[in-house]
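>>> below is the sequence, then the predicted model.
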Amino acid sequence: MTLFVDAALRVLVLAPTPKDAQLTTELLEREGLTAAICRDMPEVVRELDVGAGALVVPEEAIAHEGKTPLLRWLRGQPAWSDLPIIVLARVGANSPPVAQAMELLGNITVLERPMRVSSLVSALRAALRSRVRQYELRVHLTEREAHVRALREADRRKDEFLATLAHELRNPLAPIGNAVQVLRLRAHKDPTVDELAAVMERQVKHMVRLVDDLLEMSRITRGRIELRAEHVAIETIINSAVETSRPLIDAGDHHLTVSVPAEPLVVNGDAVRLAQVFANLLNNAAKYTDAGGRIWLTAYREGQAVVVSVRDSGHGIPAEMLPRVFDLFLQLPDPAARKHGGLGIGLTLVKTLVEMHGGTVRASSAGTGKGSEFIVRLPLLADAPALAPAADAPATPRLPTRRVLVVDDNRDAAQSLALILNMMGLTTRVAASGPEALAALPQFRPQLVFLDIGMPEMDGHEVARAIRAMTDWRGLTLVAVTGWGQEEDRRKSQQAGFDHHLIKPIDVRALEAFLRKLDDPPAAVRSAS
């Protein structure tokens, strides 16, 4: 702070002769001002780099080329700076050099010589007050820039954390998803087991989408959620939402009544996101309704729109809170609901998603203790095509025989993926580490390698580079199977030598389609050169 004060209050004086320097210094010091005497313009510029509150120069110093170094310095001032300059002129502002200086140099005050000392001191004090404010602005801007840098760093760390969290969550999801796929492939003759496997599969897909949302958090806060639109029946969406919310509804011993018309009501939207909308509304109703209460979910056509109402017999919404009920992080002051947790983003997300689908949502309540209702309106598709019936459990696809090496330090993930590949007719071998995978190459002679990235000791990138360095295996098809799914992760895997990049968990149909696209016979898609 001392350096700031010294620089803001220091007056630079261009005094070419020792006599001028002495007289000026004595005059300013008597008035309590700090002066720094400069002998020529280059010295002025050097002192300006140190810091100054004002500059006093005679008219002769800014004539012709003499002002060039000063002009260059002034043009390079930071945005916060506007150096006050006092020019001592013989004939005031009518002097041609002074008139030119006023046009070029900017913040100029002209005093006519001979001058009264009080006029000079008054002009300097005004200039210094202005300069102090400029230095204060500099401090503010510096602090603001530091704050912005800190926010950017925090945002970067948040993105890194979310990417790592998504990867760590995908790792256990992969074997769970693979196990569900195996159940569906093998149990389709048992309706009960197949129905349970279908439920598990839907929930795993929901979990995967939620993990994906972690990576899109910054996009969500900026309202840039990407929708995966398709033609979907509102009944399908509601069934999925009820399935998601059923545990919370049952835990509260609530009675849920669902009413959906017999006619197909088809919308163009993201089925998972719309299911999330109604699941959030159901969860909200369950949280704010006492045990044994009632919840009604009703869908009906209204012109060219479908209306979905979620109504409850719960605690209701105070009139003063209704206008803010969709605000981010807002939670009603209801201790009974706190036991269920939540961050207060559910209704905000509901409003955002509904509006992104071209719809509206509104809340109503007769008051505290009288329940609440949320009404969503979504545009219906005109002349909606008939929707294909839900796919049966997939039959085990048979593919051309290939030898596939599956490498993953998570043995559950590796073995479950290998089991799916075996059921497709492929021959597999599992390796639990990079060195084990490299050792298996000459023995197993795979035609395809599914390789995890995040392994200890020797990660997937190192294994891929090692394989590409071997003359005999440069043409081997390498597939990254990983929880890391951002563009930077794909770029890194490509640079390491991978041919493909798949995200855990892999859907069995997507896996089959991927394998069928590979060349037959299954040699490399990469040139051996």
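Cool, the structure landed.

>>> do you know how far residue 373 is from residue 462?
Applying Cβ to Cβ, to the nearest Å, the value for residue 373 to residue 462 is 58 Å. Just so you know, the C-beta spots here come from the backbone N, C-alpha and C atoms, and that holds for glycine as well.

>>> oh sorry, the question was meant for residue 255
Taking Cβ to Cβ, one finds residue 255 at 58 Å from residue 462.

>>> again, but for residue 455
Residue 455 is 9 Å from residue 462, by Cβ to Cβ.

>>> so what sits against both of the two?
residue 434 (Cβ atoms under 8 Å, 6 or more residues apart in numbering).

>>> which of those two has more residues huddled nearby?
Taking neighbours as other Cβ atoms under 10 Å, residue 455 and residue 462 compare with residue 455 leading, 22 against 15.

>>> in contact with that one, which residues?
Residue 455 sits next to 407-409, 433-434, 463 when contact means Cβ under 8 Å, 6+ apart.

>>> may I ask which of the residues you listed has the most neighbours?
Going by other Cβ under 10 Å, residue 408 tops these with 30 neighbours.

>>> surely that residue and residue 436 touch.
No. Applying Cβ atoms under 8 Å, one finds residue 408 not in contact with residue 436, separated by 10.8 Å.

>>> can you put the contacts of residue 455 in a markdown table and add secondary structure and distance to residue 243?
Formatted as a markdown table, the contacts of residue 455 follow (DSSP: H, G, I helix; E, B strand; the rest coil; distance: Cβ to Cβ, whole Å):
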| residue | secondary structure | distance to residue 243 |
| --- | --- | --- |
| 407 | strand | 36 |
| 408 | coil | 31 |
| 409 | coil | 34 |
| 433 | coil | 39 |
| 434 | helix | 41 |
| 463 | helix | 41 |
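
>>> list just the nearest of those residues to residue 55.
residue 463 (66.4 Å; Cβ to Cβ).

>>> contacts only, for that closest one.
Taking Cβ under 8 Å, 6+ apart, we find residue 463 in contact with 407, 434, 437-438, 451, 455.

>>> repeat for residue 240
202, 271-272, 275, 279 are the contacts of residue 240 under Cβ under 8 Å, 6+ apart.

>>> please redo it, this time with the cut-off set to 6 Å
Listed by Cβ atoms under 6 Å, 6 or more residues apart in numbering, the contact partners of residue 240 are residue 275.

>>> quick check, it in a strand?
No. Looking at residue 240 with DSSP: H, G, I helix; E, B strand; the rest coil, it is helix, so not inside a strand.

>>> report pLDDT for it.
Residue 240 carries a pLDDT value of 91.

>>> after the helix or strand bottoming out on mean pLDDT in the chain comes which helix or strand?
Ranked by mean pLDDT, DSSP states H and E, the helix or strand of the chain with the weakest confidence is helix 335-338, at a mean of 47. Going down the chain from helix 335-338, the next helix or strand is helix 346-356, by DSSP states H and E.

>>> tell me how far that following helix is from the chain's mean position?
When C-alpha coordinates are averaged (Cα atoms, centre = their mean, to the nearest Å), helix 346-356 and its chain have centres 18 Å apart.

>>> relative to helix 346-356, how tilted is the helix or strand just after it?
Sequence-wise, the next helix or strand downstream of helix 346-356 (DSSP H and E) is strand 360-364. Going by axes from the mean of the first three to the mean of the last three Cα atoms, to 10 degrees, strand 360-364 is angled at 140 degrees with respect to helix 346-356.

>>> buried ones in strand 360-364, by neighbour count?
361, 363 (16 or more other Cβ atoms under 10 Å).

>>> contact partners of it?
Contacts of strand 360-364 (Cβ under 6 Å, 6+ apart): 325, 351, 354, 373-377.

>>> mean confidence score for that strand?
For strand 360-364, the mean pLDDT works out to 95.

>>> now do the helix or strand following it: which elements does it pack against?
Downstream of strand 360-364, the first helix or strand assigned by DSSP H and E is strand 372-379. Judged by 3 or more Cβ pairs under 6 Å, 6 or more residues apart in numbering; DSSP states H and E, strand 372-379 is in contact with strand 305-312, strand 360-364.

>>> where does pLDDT dip in the stretch 101-250 of the chain?
Within the stretch 101-250 of the chain, the ranges that satisfy pLDDT under 70 run 101, 159, 162-163, 166-167, 184-190, 192, 195-196, 199, 203, 205-225.

>>> hmm, 80 instead?
Where the stretch 101-250 of the chain drops to pLDDT under 80, the residues are 101-106, 115, 155-226.

>>> quick one: the helices in it?
Assigned helices in the stretch 101-250 of the chain, in chain order: 117-186, 191-215, 217-221, 234-251 (criterion: DSSP state H, counting those that start in this stretch).

>>> figure out which of these is closest to residue 103.
helix 117-186 (19.2 Å).

>>> mind checking how far residue 16 is from residue 227?
For residue 16, the distance to residue 227 - Cβ to Cβ - is 74 Å.

>>> how about residue 422?
37 Å.

>>> could you chop this protein up by domain?
Structural domains annotated on the chain: 2-115, 228-379, 403-517, as defined by automatic domain parsing.

>>> would a markdown table of those domains with distance to residue 130 be doable?
Listed next are those as a markdown table, based on distance: least, Cβ to Cβ, whole Å:
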| stretch | distance to residue 130 |
| --- | --- |
| domain 2-115 | 6 |
| domain 228-379 | 43 |
| domain 403-517 | 48 |
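
>>> how long is stretch 297-317 from one end to the other?
With Cα to Cα, to the nearest Å as the measure, stretch 297-317 spans 18 Å from end to end.

>>> buried stuff in it?
297-299, 305-317.

>>> next one: stretch 416-430
Counting neighbours by 16+ other Cβ under 10 Å, stretch 416-430 gives 416-421, 423-424, 426, 428-430 as buried.

>>> with respect to residue 236, which of these is nearest?
Nearest to residue 236 among the buried residues of stretch 416-430, with distances taken as Cβ to Cβ, is residue 420, at 26.6 Å.

>>> OK, contacts around that closest one?
178, 181.

>>> hang on, it in a helix?
Yes. Counting by three-state DSSP, residue 420 is found in a helix.

>>> change the start of the numbering to 35 and stick with it
Noted, 35 is the first residue going forward, which turns the last one into residue 454.

>>> tell me which element residue 46 falls in.
strand 44-48.

>>> if you could redo that for residue 501, that was the one I meant.
Assigned by DSSP H and E, residue 501 belongs to helix 494-502.

>>> ok, residue 493 - how many residues close by?
17.

>>> would you turn the helices and strands packed on strand 406-413 into TSV with distance to residue 231?
TSV is the format used below for the helices and strands packed on strand 406-413 (distance: least, Cβ to Cβ, whole Å):
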stretch	distance to residue 231
strand 339-346	29
strand 394-398	34
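
>>> quick one: which of these is nearest residue 102?
The closest of those to residue 102 is strand 394-398. By Cβ to Cβ, the value is 65.6 Å.

>>> figure out which of the domains of the chain is closest to residue 207.
Among the domains of the chain, domain 437-551 comes nearest to residue 207, with 5.0 Å by Cβ to Cβ.

>>> off-centre distance for that closest one?
Taking Cα atoms, centre = their mean, the mean C-alpha location of domain 437-551 is offset from the chain mean by 29 Å.
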